[in-house]
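Chemist: Quick one, fold the following:
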Amino acid sequence: MVQDSVAAIVDLRGVVRAWSDGARDLLGYTVDEVVNHPARQLLAEDITADTVANLSGIVMLRHRDGSTVPLVLTACAVLGDSREQLEYVITAVRPGRAEPTVAGQAFQQASLPMSVFDTTQHYMRLNDAACRIMGVPEEALLGQHFPESVEDRPAHRGWLDHLRRVVATGRPVRYESFTGAPALNREHAWTTDMWPLRNAAGEIHAVGIASFDSTEQYWARRRLALLNDAAASIGTTLDVVRTAEELIEVLVPRYADFASVDLLEWVFEAEGLPDIPVRDIVLRRVAHGSGTKGTPEAAVHVGDSDTYSSPSPPAKALRTGRAVVSQAGEPDFVRWVAERNARGPAGRAYRVGAHSVLAAPLRARGTTLGVVVGVRIANPEDFGEDDVVLAEEVASRAAVCIDNARRFARERATALALQHSLLPRGLPGQAAVDVAHRYVPSDSLAGIGGDWFDVIPLSGGRVALVVGDVVGHGIPSTATMGRLCTAVRTLADVDLPPDELLTHLDDLVTHLASDESGEVAELGATCLYAVYDPVSRRLNLAAAGHPAPAVLLPGGSASLVEMTAGPPLGIGGLPFEATELLLPEGSVLALYTDGLIEDRNRDVDHATAELCRALSAPADTLDTLCDTVLDAVLPEEASDDVALLMVRTRALDTHQVATWDITPDPEHVAAARQAATEQLSAWGLDEAAFVTELVVSELVTNAIRYGAPPVRLRLIRDRTLICEVSDASSTSPHLRRAHAFDEGGRGLLLVAQLTHRWGSRQTGRGKTIWAEQALPSD
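Modeler: Okay, here's the model as predicted:
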C-alpha cells in the first residue's frame, strides 16, 4: 500500500542524505536516485526560501513519472555540531490529514531508528525501526531508564554521556559508535545524531535521537585503511622474506587470525623460470603469523617446502589466478584442514575453530610468484565478496613488492658475479710491495658495481697500484668498470707516467661518452694511479677526482698524502698533476674508494681521521690491518661498495743492483759484456751469463749506434734478472722481420726469443730498453 508520509534528511548544501520508504512509495524515487543528489531536483516549482529550515506550508514535489505531488511540511529538526555540519530532518504528508497524526505517522514509519528521551534519560517514544533494532516492542521500553535497557558496554555508556551533554548544553551532537544489535546478530557501526527538543517557552524538555546504520561505510573505511597501510608498510626493503613478513603484519589480526605466504620454488633460483605444475604444487613457506593464542603454526616451518594437493584452496588460487574462498563444511575446506593436521605436531589439531579460509595468488607483471592464505578462527565473520576484493588488491600490491625484491636479488647476484670476475683473483707475484686487499659490496644494488683495484708489475722491478670507482651502480657500471680496468692495464704496459696515463684514460672515457648508449656520460669515473720503484724507493702518483691515499711511515703516525685530486675522468681538457714521495722501506700505503669515508650521514673529515687512527694501530699482517680499518671506518649499513688496497713497501738492497756508465763508443761494448759477466758470477748466476752477454751486447750497441749519450747499463736481481740500457734519445726501437740479405735487424728478434719479455719506456731524460729473464733454478 502506498504510504502518505515522507521523511528525508537534507544537509546545508541542499543535498539529500537519507530517504525513507514512505518517500520512495509516495514519489517513486529509489534511495540511489535521490541520496547524494540535490533536493531541488524534486521540486516541481520555484521556492523563495533560502534554506531548508525556512520551508513551510505546502510544497509541490515532482513524482518520478512527471506528475506533481503536493505535500504539507509537518516537522523540521536540526542536526549537527556546527554550521558546516548542519542537517535537517524533514517530514511531510499529503494535504488534508491531521498534522499531529501525520507527524506521528512520519516519525513512526521512518526507516531510520529514532527515539525520544526526557531530560532524565527515560524513554518517551521509539519508532518501529528502533524497536526492531532493540528487539522489543515500544511499550516495553516507555518510561524505562536508558541504562537499564541495554548492556553495560562502552558504546552504550557513550550514548548516556551524550544524552546528558545535549540536555546540559542545548547543542546537538553527532558521533559514531561500534556496537552489537541483538536482532541483527552481528557487529554494527552507527552514526548517531542527538538534538534538543524545546517547548513553547523555549525550554529543553526532551532529546531526539536518530541513528544511521553506517556499517558498510565503516567497513569500507577499514578496508581502505588496510589498503593504505599495505601501500605504506609493504616493500620498505628489497628483501623477499622481509616483504612477506610485512604482508603478514598488515593482515594479522585485522583481516585474518592466521596468515601465511608461500612462494614457488623457481622464485628462489638464480635462473629459475615461472612454472606451475598441473597437479600437486610445491611451495616454500616464507612467512606466517597468528593473532590467536593456541593456534599452532608449525605444520610448515618457515623455510620448509610443502606440497599442496590440486583441490586445496592455495593450489586452486594459483591455477585460476583469482582468490578462492572455502568455508567450514565444504569438501575442499575439510580436505585442506585434514592435510594440514596430518603435517602438524602429533596430537594437535592444526586449525582448531577455523571456519573460513581465503587464498589469493601473488601475481606481478603477468607472473605467478606464490600465494597468501588467510584463516579466520576467532573472527566470527566468514570471508565474503568484499574480503575477496580486498585480498586480491593487497596481494597484487604485495606481489609487485616481492617481485621487485626478487629482481633486485637476481640483479644484485649478477652484478656481484660480474664484479668479482673482473677484479683480480690472485695478484701477480712481485717483490716491490706486500699486498692485502678487500672488496666489500653494499647491501643494496645501488652500492654495487663501480669499484675496482689492481696491482700491475712493471719493468725494472716497479709496480703500479690502481684504485678506481665508476660513479654509478648495477650491471652497467660494472661493465664500464671492466672496460676501464682493461684500459688501465693496457696503458700501464706502455709504461706511461701516472699523469700521462690518466690523460689517456680521460680521453678514452670521453670517447666512450660519445657512444650511442651514453652510459659512461651519465656515470663518469674516478681513478688513482701510483707507481712505486723499489730501487729508488720513490712513489709517483696522480689522481682523477679520487680521494688521496693514506700513508703510514715506520715509527710514525698515518696521514693523507698531500696531492692534487684532479678532475674526474670524462671531463676532458684539464691537466692531471703528479706527486712524488720518497718512502722508507716498510711504509704502509692505503688506497681506497670513496665508499669507505663518504656517506650522507657521516662527516668526511671525521671518517678520514678514523681511517688514520685505524691505520696506525698495531697489526701482525696487512690482512689484519685491512680488517681493522674496515671495522673502524666502514659503517654497519654501507650505502656504497668499498675497495681497499693495502701495501707495505720493500726496497732492493744495493747489492741487488749494479749500474755502469758506458762510453758511447762501440769499442766499449766488450767491456760492458765483461762487467755484466763478472756481476753475474758475484751473484752466483753463471748459468745466465750467455744470454745476458748477448742481451747486453745488442742493447748497448743499439744505444751507442742509434741513441744519444749518456748511455747507462743496469742489472737488477729480483725475482727475475733484469737488464736495462738507457740513453738520452726518445726514439724507441721496433721489432721487424729481417730479409734474407739484410745485414742487420735481427738483434731485437734474438733478444725477444731468448728472454721472458722485453720492452721500452720513456723517461724524463730519454728512454730505457729492458729485457727480463727468469733466474736459473737451483
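Chemist: separation between the closest residue to Thr119 other than its chain neighbours and Glu693?
Modeler: With sequence-adjacent residues excluded and distances taken as CB to CB, 6 or more residues apart in numbering, Thr119 is closest to Val167, at 4.8 Å. Glycine gets a C-beta too; all of them are placed from N, C-alpha and C. The gap separating Val167 from Glu693 is 123 Å, by CB to CB, to the nearest Å.
Chemist: Give me the helices and strands touching the helix or strand harbouring Val325, please.
Modeler: For Val325, the host element (DSSP states H and E) is strand 324-327. Contact partners of strand 324-327 among helices and strands, from 3 or more CB pairs under 8 Å, 6 or more residues apart in numbering; DSSP states H and E: helix 313-320, helix 331-343, strand 356-364.
Chemist: For stretch 255-266, list every residue counted as buried.
Modeler: 255-264, 266 (16 or more other CB atoms under 10 Å).
Chemist: Give me the mean pLDDT for that stretch.
Modeler: Averaged across stretch 255-266, pLDDT comes to 90.
Chemist: Then stretch 384-395?
Modeler: In the prediction, stretch 384-395 has an average pLDDT of 91.
Chemist: buried sites along it?
Modeler: For stretch 384-395, by 16+ other CB under 10 Å, it's 387-388, 390-395.
Chemist: same deal with stretch 394-410?
Modeler: 394-395, 397-406, 408-410.
Chemist: mind checking how far Tyr218 is from Trp190?
Modeler: Distance from Tyr218 to Trp190, by CB to CB: 9 Å.
Chemist: ugh, wrong one, Asp661
Modeler: Distance from Asp661 to Trp190, by CB to CB: 108 Å.
Chemist: Likewise for Glu562?
Modeler: 77 Å.
Chemist: Give me the distance from the host helix or strand of Gln773 to the chain's centre.
Modeler: If you go by DSSP H and E, Gln773 is part of strand 766-774. Distance of strand 766-774 from the chain centroid (CA atoms, centre = their mean, to the nearest Å) equals 54 Å.
Chemist: For that strand, output the C-alpha coordinates as PDB.
Modeler: This file holds the C-alpha atoms of strand 766-774, laid out as PDB (Å, rounded to 0.1, in the frame of the first residue of the first chain):
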ATOM      1  CA  GLY A 766     115.200   9.800 -22.800                       C
ATOM      2  CA  LYS A 767     114.200   6.100 -22.900                       C
ATOM      3  CA  THR A 768     115.100   2.800 -21.300                       C
ATOM      4  CA  ILE A 769     115.200  -0.600 -23.200                       C
ATOM      5  CA  TRP A 770     114.800  -3.500 -20.900                       C
ATOM      6  CA  ALA A 771     114.800  -7.300 -21.100                       C
ATOM      7  CA  GLU A 772     113.800  -9.700 -18.400                       C
ATOM      8  CA  GLN A 773     114.800 -13.400 -18.000                       C
ATOM      9  CA  ALA A 774     113.900 -16.000 -15.400                       C
END
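Chemist: Need the contact partners of that strand.
Modeler: The contact list for strand 766-774, computed with CB atoms under 8 Å, 6 or more residues apart in numbering, reads 459-460, 688, 691-692, 695, 699, 702-703, 707-708, 720-733, 751, 754-761.
Chemist: Name the residues of it that come out as buried.
Modeler: For strand 766-774, the buried set under the neighbour-count rule, 16+ other CB under 10 Å, comprises 766-773.
Chemist: can you check stretch 112-128 too?
Modeler: Under the neighbour-count criterion of 16+ other CB under 10 Å, stretch 112-128 has 112-119, 121-128 buried.
Chemist: got the angle for the helix or strand harbouring Ala405 vs strand 356-364?
Modeler: Using DSSP H and E, Ala405 sits within helix 385-422. Angle between the axes of helix 385-422 and strand 356-364 is 40 degrees (criterion: axes from the mean of the first three to the mean of the last three CA atoms, to 10 degrees).
Chemist: who does helix 385-422 touch, helix- and strand-wise?
Modeler: Using 3+ CB pairs under 8 Å, 6+ apart: helix 385-422 touches helix 215-233, helix 240-251, strand 356-364, strand 367-376, helix 475-493.
Chemist: Tell me the strands beside the shortest one, with direction?
Modeler: Okay, so that is strand 356-364. For strand 356-364, the paired strands and their directions (DSSP bridges) read strand 324-327 (antiparallel), strand 367-376 (antiparallel).
Chemist: picking up where we left off before, can you lay out the helices and strands packed on helix 385-422 as CSV showing distance to Phe178, mean neighbour count and mean pLDDT?
Modeler: CSV is the format used below for the helices and strands packed on helix 385-422 (distance: least, CB to CB, whole Å; neighbours: other CB atoms under 10 Å; pLDDT from 0 to 100):
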stretch, distance to Phe178, mean neighbour count, mean pLDDT
helix 215-233, 7, 14, 84
helix 240-251, 21, 22, 92
strand 356-364, 21, 25, 93
strand 367-376, 19, 25, 91
helix 475-493, 53, 19, 85
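Chemist: With respect to Gly524, which of these lies nearest?
Modeler: helix 475-493 (9.6 Å; CB to CB).
Chemist: any idea how far the next helix or strand after that closest one is from the chain center?
Modeler: Downstream of helix 475-493, the first helix or strand assigned by DSSP H and E is helix 498-513. How far helix 498-513 lies from its chain's middle: 35 Å, per CA atoms, centre = their mean.
Chemist: Extract the C-alpha trace of helix 498-513 and format it as CSV.
Modeler: Output of helix 498-513 as CSV, limited to C-alpha atoms (Å, rounded to 0.1, in the frame of the first residue of the first chain):
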residue,chain,number,x,y,z
PRO,A,498,100.8,8.5,-13.8
ASP,A,499,99.7,11.9,-15.0
GLU,A,500,100.1,10.9,-18.7
LEU,A,501,98.3,7.6,-18.1
LEU,A,502,95.3,9.5,-16.6
THR,A,503,95.3,11.9,-19.5
HIS,A,504,94.9,9.0,-22.0
LEU,A,505,92.3,7.3,-19.7
ASP,A,506,90.4,10.6,-19.6
ASP,A,507,90.4,10.7,-23.4
LEU,A,508,89.1,7.1,-23.5
VAL,A,509,86.2,7.9,-21.2
THR,A,510,85.4,11.0,-23.3
HIS,A,511,85.2,8.8,-26.4
LEU,A,512,83.1,6.2,-24.6
ALA,A,513,80.8,9.0,-23.5
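Chemist: Would you agree His162 is in contact with Tyr175?
Modeler: Yes: with contact defined as CB atoms under 8 Å, His162 and Tyr175 form a contacting pair (6.4 Å).
Chemist: Most remote residue from the middle of the protein, which is it?
Modeler: Largest separation from the mean C-alpha position in the chain: Glu667, at 75.3 Å (CA atoms, centre = their mean).
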